[in-house]
Structure formats: structure tokens, C-alpha cells
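> generate a structure from the sequence data that follows.
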Amino acid sequence: MLKIGDKALEFCLPNQDDIEICLRDLKGKWIVLYFYPRDNTPGCTTEACEFTEAAPDFLELDAVVLGVSADSTKKHRNFIEKKGLGITLLSDEDTKMMQEWGVWQLKKNYGKEYMGIVRSTFIIDPDGVIKAVWEKVRVKEHVAKVKEELQKLQATSETC
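Model prediction:
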């Protein structure tokens, strides 16, 4: 998994509207990049709704919030419409990006092993450097922690 201080790996993925979003197009902005297992599941819905509620705060901090899962763009559109989400969701159906970022890992559930997404969040600075990482995220209060960390990072980058 990528860690603090690493350069964010380039990616280009389609969003819910089948428009390609690339890291290079977001240069100069703060990015909150979060990986989640599946649309329309309880934890993922809570996380997406909390990011949507906090979207104005992230916008004020000049940050873009991007959610990534292996769901199709069509499933993302359905999820956004059904839950009234206001964030961008990217589709990594072949899991290439998730593998490169190290969030596609061996998981165990009820004695079975399978490959899956480890819920993770990264904050990327305007120069494309990873400034914060959360691995094996617990959804409860996660968005507030991300926002608080982003505010701290921005305060220290302004004073340097």
C-alpha cells in the first residue's frame, strides 16, 4: 500500500457519467481519494452519505472527494440517484488501480479467503504527494477525521 510521502500513482478512470477523470487533471487541488467495497451496502452507503454531507466543507478547503470501487459506472449512477449523493464515484472494474495502490488484498470472511477491497482513504496534496493514509477504515466518524486532518495539513503547508 502507498504511504505518506509517496507520489500518488497516476490514474484515469470513468466516473458515474462515463467521463474519464485523471489525476493529472486535478493537479493543484487537494484530493480525498477513498476506496470502498460496494455500492448500496450499509457501510459504503453511510460513508458516501457522510462524504456528501461534508462536500461543502471539502469544497471550501479546495478539495475534491473521489470514491473508487470495482462497481460499474451504471451501478454508480444508480447508487448516486438512489441515495442522493453529491460526490464523484470512479469505476475500477478491472481493479488495476486498486492493485497498484495496494488496496486490493487477500481478505478472510467466515473462513473463506478471497481478493477484495480494503476500505482505505488517502489525502493527496496539490503537488501529487500522499499526505495522509487510513487503512482498514471504520466508517463511524471517519469523514470528520479526514476533514480535520486535511485542515491540519493545509494549515502546516501554508506556514512552510
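
> what's the helix or strand hosting Phe51 packed up against?
Assigned by DSSP states H and E, Phe51 belongs to helix 42-53. In terms of contacts (3 or more C-beta pairs under 8 Å, 6 or more residues apart in numbering; DSSP states H and E), helix 42-53 is packed against strand 30-35, strand 63-69, helix 73-83, helix 142-159. (Each C-beta comes from the backbone N, C-alpha and C, glycine too.)

> what about the longest one, distance to the chain center?
The one in question is helix 142-159. 16 Å (C-alpha atoms, centre = their mean, to the nearest Å).

> what's the first helix or strand after the helix holding Phe51?
Using DSSP H and E, the helix or strand that directly follows helix 42-53 along the chain is helix 55-60.

> just the CA trace of the host helix or strand of Met97, in CSV.
Element membership of Met97, judged by DSSP H and E, is helix 96-101. Presented in CSV, the C-alpha positions along helix 96-101 are these (Å, rounded to 0.1, in the frame of the first residue of the first chain):
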residue,chain,number,x,y,z
LYS,A,96,-5.9,-2.3,-11.9
MET,A,97,-5.7,1.0,-9.9
MET,A,98,-6.7,-0.7,-6.6
GLN,A,99,-3.9,-3.3,-7.1
GLU,A,100,-1.4,-0.5,-7.9
TRP,A,101,-2.4,1.4,-4.8
